[in-house]
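In: Give the three-dimensional model of this entry:
(chains A and B)
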Amino acid sequence: MRITNNLVLSRVLRDLEMSRRRLNDLQVQVSSGKRILKPEDDPFGTGKALGIRTALRVNESYLRILEASRNWLTVTEAALQTIGSALQKAYVLALGASNDSLGEDERVLVAIEVEELLRQAVSAANTRHDNRFIFSGYQTHTEPFQLGTALGTETTPNPATVSGFLISECMSGQMQLATDTYHVEVWDSGGGDMKFRLVDDDGNPMSIYDAATNDGTSFTGGWQDVGDMLGWFSDGVVDTGRGLTIDFGDTESLYVEGTQAAGTAGKVMYISAFDVIYNGDSGEIEHEIEPGHTLMVNLPGNVQAFSEPFNALRDLLTDLRTPGATGDTIKDNITKIEEAENALLEQIATIGARAQAVERIDERLRQFDIALQEQLSKVEDLDMAEGTMRMMNQELAYQTLLRVAATLSQPTLIEFLR
Amino acid sequence: MTGFLGLDIALRSLMAHQQAMEIVSHNIANVNTPGYSRQRPVFTSEAAYYSAMSASAAQAGLMGMGVRLSQIRRMSADFITTQVRLEKHSYSKWAIIRDTLQQIEAIISEPSEGSLSAVMDEFWAAWRDLSVDPQSTALRANVYERGASLASTLNTYSEQLVSARRSFNLLINETVRDVNDIAQELAALNVQIVAVLAVGDQPNDLRDRRDLLLDTLAELVDVTVSEEENGATTVLLRGHHLVMGAEAGELATVSVSEDPTLLNIVFQDTSELVRIDGGKLAGIIEARDSVITDVLDDLDTIAATLVSQVNDVHAAGYGLDGVTGRDFFEGSSAADIALSSAVADLSHIATASADPTDPTVGGPGDGSNATAIAQIADALLLNDGRASISDYYRSMVATLGLDADHANQMAASSRVLVDHLEDRREQVSGVSLDEETIDLIRYQRAYQAAARLVSVINEMLDDLIALGRG
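Out: Prediction:
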């Protein structure tokens, strides 16, 4: 086999190049710490690595959701506990008042305390979290609970429950108001020109004096725009409607009539007797806490856990105010309070169970995260010890090759002949 | 007469050996010339001369007439050369395909944190976050931004791939020009070689030049080479003559009908499309028409699926203003996917499954449609219901890696073979300086001996002439 100079040199050159290229690849691996720098380094490994990275991101995303779920459930539970403690205090008060020996005035004092408890409970039920009402279902910008009653077509005397009615045509609604402080609200659902007037039982327009100022200014006769009405009374403006408090003092029965143009909708509400009205919906807010698994995190307000406590408190309060109430009536109220407590506890337990589920899944996802990180490292990362050793070996090989190359570029015969 | 004959013979030896030394110096001078085949002098003894006068009982009548340099032989390994060229077809093609795949790997840049895989995951996560607080402007803005990012990443990939495809045009033009130039030169060489052979000489250096050109041509295009009886080579491409005798054919480029921004290769005279299976041009065509196109098609599928699925779910949902039927994305391919102007107002992003402005059916706290969109990430939408969008993408990347690795192997093993064959060829036709040195000594000695012969015969003649002087 002939060996020519070019043969030797070109082989040496090729080997040097290959050696240098290998060395370069190893150097890049060691300096980046990664085994896979581009898909061709390990195609299946790349596919796996991408999958693991996606799984890590998905995990992180669900952990965030779980955090939000946890917060909802915590706030919900706290609010329910507050209502529960109001109920418990009411229970004690009721026990005390169930004694027949208590006088009228004393009972009214208790009623006032119970009223305060009711307001606290309603306030708790109107809790906000992150600027949203948590018990309104999907109507998260609408305050869920309101101390009030809707007017109904029945004119039953206060303080029985009356259901709301909608005025759809030139219908008038009349409601007898008893003598006490009332909070009147009128909703006008956007059609405009809702009006009302106050009339007595004979249909005569009434005048109302502002008892606080008693300066003779009054609201007399005729249909008044809601806005004008407001001008006379300054209390109780409520978000979605225009409300006002009318202090009647000792007047006789009073009627509120409402009228609306045909074809538009409106509601006339009159509030008394501390009914709690729910203005939200039954929307279930669900969080997807892991793939394919959603958890309801809210409690819409239209459940017994709310209606029973509020009604029990209201009934206690009204019974206490009703002249001639006996110890037995109050005892019935105590039973209602107990039942209400049960309904509430049931709901609290459900919320608690959900919170536990959240914690379990959170823990599991955290473990999963760790496992995924390990897997990713195995696939992507270079074993530094091994990689460094290989690189050093290759450096050595390269240097040896250089020396060999130097030896091979030997002088030729020509130099030895003289 | 014997004396003068001796001189004659010596003279012939001098000339032959001097020529031989010139050949040696030619070899040494060309030790580094690419494509050079070493030349060897072929000595033949001159035909014997029959002389009746020299015939006698004492000696045979045939008298040798010395030496002649009958031929300067070119030490070429033609069989190996054919194999080298075949392997070069393969190597050049795979080298281009390998380089293109590596370029695509760089464009896709996986695995890394800024690539399509990460951007897509963040997009779905943004929807999930929004489902938990649908009224949050910050979270809506996040969904919008992530959507924009996703669209623009797809746009960028598409753009880069399309531009890579177009840049091949430059290469095609250059290569076609090179092919044509080489064909011209080959035709000219053919003429020269044939002429030299016709007078009985050896056009060794011309053949070297021709072989070098043919080697280069083999790197560009997979031609078939054959030599005619008169010494001219015929170069065929798919049966069409690129070089025949003194005639050179030509390749030309035309625009592709489906996409005028790309070029195809045709024969100049017939405008017939050329199918090229080897060499650089084959590599370019395959890289452009299958390698890059396959990746582009996959990206387009991903984009189209994203647009249609997200839009379907989004249009079924309601924005905060109670309006339904809005699109989130617009476009149909990776190049034109973008956010629809319908969601430029962030409150239009459809998070609710029922009208949130109508309290009888829904409310603003309803984020269930956002959850539904986030669930598209896991939906088995592709490959006949076996793969999610991420699965599809991952498989595209893995396949890219496999193809790149394969091309790498093919190019490398082809290269090894080419190198090996070229080494074999070098062994036959390469110049060994040591060998030439020995030859030089040999011829020099022979020359010296012949010169000595001349002076010896000269003395003899002197003696002879002196005899006649008396």
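
In: CA atoms for contacts and neighbours, from now on please.
Out: Noted.

In: pull the helix or strand with minimum mean pLDDT from the chain.
Out: All of this refers to chain A. Least confident helix or strand of chain A, by mean pLDDT, DSSP states H and E, is strand A:166-167 with a mean of 23.

In: oops, chain B please
Out: Going by mean pLDDT, DSSP H and E, chain B bottoms out at strand B:49-50, a mean of 70.

In: after that strand comes which helix or strand?
Out: On the C-terminal side of strand B:49-50, the closest following helix or strand by DSSP states H and E is strand B:62-63.

In: pretty sure residue A:414 is in contact with residue B:436, am I right?
Out: No: contact between residue A:414 and residue B:436 fails when scored by C-alpha atoms under 8 Å: they sit 9.4 Å apart.

In: For these two, indicate the residue with more neighbours.
Out: Using other C-alpha atoms under 10 Å in any protein chain shown as the criterion, residue A:414 and residue B:436 rank with residue B:436 on top: 21 against 12.

In: Tell me how many other residues crowd the spatially closest residue to the more buried one that is not a sequence neighbour.
Out: With C-alpha to C-alpha, 6 or more residues apart in numbering or on different chains as the criterion, residue B:436 has its nearest non-adjacent residue at 6.0 Å, and that residue is residue B:24. Neighbours of residue B:24 under the rule other C-alpha under 10 Å: 25.

In: quick one: the longest helix anywhere in chain B near chain A?
Out: Determined from DSSP state H, the single longest helix within chain B is helix B:137-198. No: applying C-alpha under 8 Å from any C-alpha of the partner chain, one finds helix B:137-198 separated from chain A by no less than 12.3 Å.

In: Just after that helix, pick out the following helix or strand.
Out: From helix B:137-198, the next helix or strand downstream (DSSP H and E) is helix B:204-220.

In: how about that next one: buried residues?
Out: Residues B:204-205, B:207-211, B:213-220 are the ones in helix B:204-220 that count as buried (16 or more other C-alpha atoms under 10 Å in any protein chain shown).

In: Quick check: the farthest pair among these?
Out: B:204 and B:220 (24.8 Å; C-alpha to C-alpha).

In: Residue A:57 sits in which helix or strand?
Out: Counting by DSSP H and E, residue A:57 is part of helix A:43-97.

In: Is that helix in proximity to chain B?
Out: Yes: residues of helix A:43-97 contacting chain B under C-alpha under 8 Å from any C-alpha: A:43-44, A:46-47, A:49-51, A:53-54, A:57-58, A:61, A:64-65, A:68.

In: Which residue is it, in the stretch 51-200 of chain B, that comes closest to chain A?
Out: residue B:125 (5.6 Å; C-alpha to the nearest C-alpha).

In: That residue reaches residue A:61, doesn't it?
Out: Yes: if you go by C-alpha under 8 Å, residue B:125 and residue A:61 touch, sitting 5.6 Å apart.

In: Looking at these two, which one has more neighbours?
Out: The neighbour comparison of residue B:125 against residue A:61 (other C-alpha under 10 Å) goes to residue B:125, with 27 against 21.

In: ok, and what's touching the helix or strand hosting the more buried one?
Out: Taking DSSP H and E as the criterion, residue B:125 maps to helix B:116-132. The contact list for helix B:116-132 (C-alpha atoms under 8 Å, 6 or more residues apart in numbering or on different chains) reads A:50, A:53-54, A:57-58, A:61, A:64-65, A:68, A:286-288, B:108, B:112, B:136, B:139-140, B:142-143, B:146-147, B:149-150, B:153-154, B:351, B:366-371, B:373-375, B:377, B:390, B:393.

In: remind me which residues of the stretch 101-250 of chain A are low pLDDT?
Out: A:148-250 (pLDDT under 70).

In: How about the stretch 51-200 of chain B?
Out: Ranges of the stretch 51-200 of chain B meeting pLDDT under 70: B:51-61.

In: Please repeat the previous calculation with a cut-off of 90.
Out: Scanning the stretch 51-200 of chain B for pLDDT under 90 picks out B:51-66, B:70-71, B:77, B:109-115, B:166, B:168-170, B:200.

In: cool, and the stretch 251-400 of chain A?
Out: By pLDDT under 90, the weakly predicted segments of the stretch 251-400 of chain A are A:251-283, A:290-293, A:302-304, A:307, A:311-333.

In: how about the residues of it near chain B?
Out: A:280-281, A:283-288, A:291.

In: Got a ChimeraX select line for the buried ones in these?
Out: Only the buried entries of these go into this ChimeraX selection, using 16+ other C-alpha under 10 Å:
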select /A:280,281,283,284,285,286,287,288
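
In: Adding secondary structure and distance to residue A:343, write the residues of the stretch 251-400 of chain A next to chain B out as JSON lines.
Out: Formatted as JSON lines, those follow (DSSP: H, G, I helix; E, B strand; the rest coil; distance: C-alpha to C-alpha, whole Å):
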{"residue": "A:280", "secondary structure": "coil", "distance to residue A:343": "20"}
{"residue": "A:281", "secondary structure": "coil", "distance to residue A:343": "20"}
{"residue": "A:283", "secondary structure": "coil", "distance to residue A:343": "20"}
{"residue": "A:284", "secondary structure": "coil", "distance to residue A:343": "19"}
{"residue": "A:285", "secondary structure": "coil", "distance to residue A:343": "21"}
{"residue": "A:286", "secondary structure": "strand", "distance to residue A:343": "22"}
{"residue": "A:287", "secondary structure": "strand", "distance to residue A:343": "25"}
{"residue": "A:288", "secondary structure": "strand", "distance to residue A:343": "27"}
{"residue": "A:291", "secondary structure": "coil", "distance to residue A:343": "32"}
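
In: and the residues of the stretch 251-400 of chain A next to chain B as JSON lines, adding distance to residue B:307?
Out: Listed next are those as JSON lines, based on distance: C-alpha to C-alpha, whole Å:
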{"residue": "A:280", "distance to residue B:307": "35"}
{"residue": "A:281", "distance to residue B:307": "34"}
{"residue": "A:283", "distance to residue B:307": "30"}
{"residue": "A:284", "distance to residue B:307": "29"}
{"residue": "A:285", "distance to residue B:307": "27"}
{"residue": "A:286", "distance to residue B:307": "26"}
{"residue": "A:287", "distance to residue B:307": "25"}
{"residue": "A:288", "distance to residue B:307": "23"}
{"residue": "A:291", "distance to residue B:307": "22"}
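
In: Out of the residues of the stretch 251-400 of chain A next to chain B, flag the one nearest to residue A:307.
Out: residue A:280 (13.3 Å).

In: which residues does the closest one contact?
Out: Contacts for residue A:280 (C-alpha under 8 Å, 6+ apart) come out as A:135-140, A:142-145, A:300-302, B:359.

In: Please tell me how far the residue nearest to it when sequence neighbours are not counted sits from residue A:146.
Out: Closest residue to residue A:280 apart from its sequence neighbours, by C-alpha to C-alpha, 6+ apart: residue A:136 at 4.3 Å. The gap separating residue A:136 from residue A:146 is 12 Å, by C-alpha to C-alpha, to the nearest Å.
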